[in-house]
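> I would like to see how this sequence folds:
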Amino acid sequence: MTNMDKLYESVAANGPVCVGLDTEISYLPTTDTAKTAGENVVEFNRALIAATKGVAGCYKVQIAYYESLGLDGMRAYAETLKMARATGLPVIADIKRGDIAKTAEMYAKAHFTGDFEADIVTLAPYMGLDSISPYLPYCKDQGKGVFVLCRTSNPGAKDFEYQKLADGRHIYDLVGDSLTEMGKDYMGECGYSSIGLVIGGTYTEEATAIRAAYKNTFFLIPGYGAQGGKAADIAQYLTKGNGGVVNSSRGILLAYKKQPGVAFDEAAYNECVRMREDIQGECNKL
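Presented below is the predicted three-dimensional model:
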């Protein structure tokens with residue numbers, strides 16, 4: 001089985017919620033002054049993972065939040081990956097690397113083996129397909145996976161991704177088409193490639209066309225909640241409630257601020273359940 005197969009099975013069992021562990025120290029309701037910032041982040045993440053592992057489809061760890069704390073933060077990053085992977089759920093390292101050649105080989109080694117090993121990583125394709133290919137031996141030999149930026153959820157997506165080519169396609173269409181073709185050599189048992197796409201859930205006009213065009217491609221879908229994506233829109237990118245995971249970071253990490261008197265880990269659980277039911281409810285209407 002590939003890690004995309006495992007992701008498919010996890011979504012089937014637990015739902016499509018991807019818990020984003022983009023943990024900034026300011027998000028913690030309390031801190032222990034006897035511990036470092038990284039140690040405090042680890043303890044927060046530990047409780048959050050324990051509370052949500054039964055209602056999460058996967059975890060996504062954004063490396064920048066940990067890099068910002070220096071070596072202390074990178075120790076917290078490694079420990080967070082270890083804790084999340086110990087649940088048995090797939091873990092995405094959100095690293096968005098985009099370099100080529102030997103540099104990309106070293107990034108692949110760094111994030112698919114050793115202290116920072118994850119199941120799936122995020123990549124940026126704009127230097128070309130040779131920015132993706134160094135990761136593929138790990139997909140072939142170890143079942144690892146990649147999610148490649150295609151049509152993202154940020155306002156700046158309009159700057160490049162939506163620009164038209166001579167044949168009428170958008171740049172994001174070219175990216176999606178090229179990666180889907182590449183992904184045909186890395187198909188898993190559940191019918192999805194180890195090469196997935198990041199498809200933002202905030203621009204929904206093309207949702208049906210995008211899902212139809214990439215039937216065998218798993219989506220990582222940002223944009224739900226804080227960025228404005230609604231469950232009715234997100235559901236368009238899923239196939240019978242699967243084929244994608246929907247990330248929420250601040251919405252889950254800071255859920256306790258909207259649930260007065262509720263512990264942060266319990267509030268995170270409650271938000272995961274609410275989000276899952278919200279999305280699945282809309283999927284059931286399709």
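> Who are the contact partners of the closest residue in space to G54 that isn't next to it in sequence?
Spatial nearest neighbour of G54, chain neighbours left out: N14 (6.8 Å); criterion: C-beta to C-beta, 6 or more residues apart in numbering. No exception for glycine: its C-beta is placed from N, CA and C like everyone else's. Neighbouring residues of N14 by C-beta atoms under 8 Å, 6 or more residues apart in numbering: G54, V55, A56, G57, L89, R276.
> and the first one, helix, strand or coil?
Meaning G54. coil (DSSP: H, G, I helix; E, B strand; the rest coil).
> List phi and psi for it.
Reported as degrees, to the nearest 10, the phi and psi values for G54 are phi -90, psi -10.
> For burial, what's the neighbour tally of it?
Look at G54: counted by other C-beta atoms under 10 Å, it has 13 neighbours.
> ok, now K140?
A count of nearby residues for K140, using other C-beta under 10 Å, gives 12.
> next one: P260
If you count neighbours by other C-beta under 10 Å, P260 ends up with 7.
> Please report phi then psi for it.
Per-residue torsions, P260: phi -50, psi 140 (degrees, to the nearest 10).
> Would you mind measuring from it to K96?
Look at P260 and K96: by C-beta to C-beta, to the nearest Å, they are 36 Å apart.
> got it, and P16?
For P16, the distance to K96 - C-beta to C-beta - is 21 Å.
> Look at these two and report which has more neighbours.
P16 (30 against 16).
> wait, doesn't that one sit right on Y237?
No: P16 is not in contact with Y237 according to C-beta atoms under 8 Å; the separation is 9.8 Å.
> Now for these two: what residues contact both?
Residues touching both P16 and Y237 (C-beta under 8 Å, 6+ apart) are G244.
> most distant residue from the middle of this protein?
A34 (32.6 Å; C-alpha atoms, centre = their mean).
> I'd assumed D185 was in contact with I195.
No: between I195 and D185 there is no contact, the gap being 9.0 Å when judged by C-beta under 8 Å.
> of the two, who's got more company?
Comparing I195 with D185 by other C-beta under 10 Å, the one with more neighbours is I195, at 27 against 12.
> give the contact list for that one.
I132, L136, C139, G145, V146, V148, L179, T180, M182, G183, Y186, T217.
> again with L253
By C-beta under 8 Å, 6+ apart, the residues touching L253 are G20, L21, D22, T23, Y27, L48, A268.
> residue contacts, the third one?
If a contact means C-beta under 8 Å, 6+ apart, then D22 has K60, V61, Q62, A64, Y65, D94, S249, R250, L253 as its contacts.
> so where's the stretch 151-286 of the chain shaky on pLDDT?
In the predicted model of the stretch 151-286 of the chain, residues 226 satisfy pLDDT under 70.
> Residues in a beta bridge with G20, which ones?
Residues in a beta bridge with G20, per DSSP bridges, are K60.
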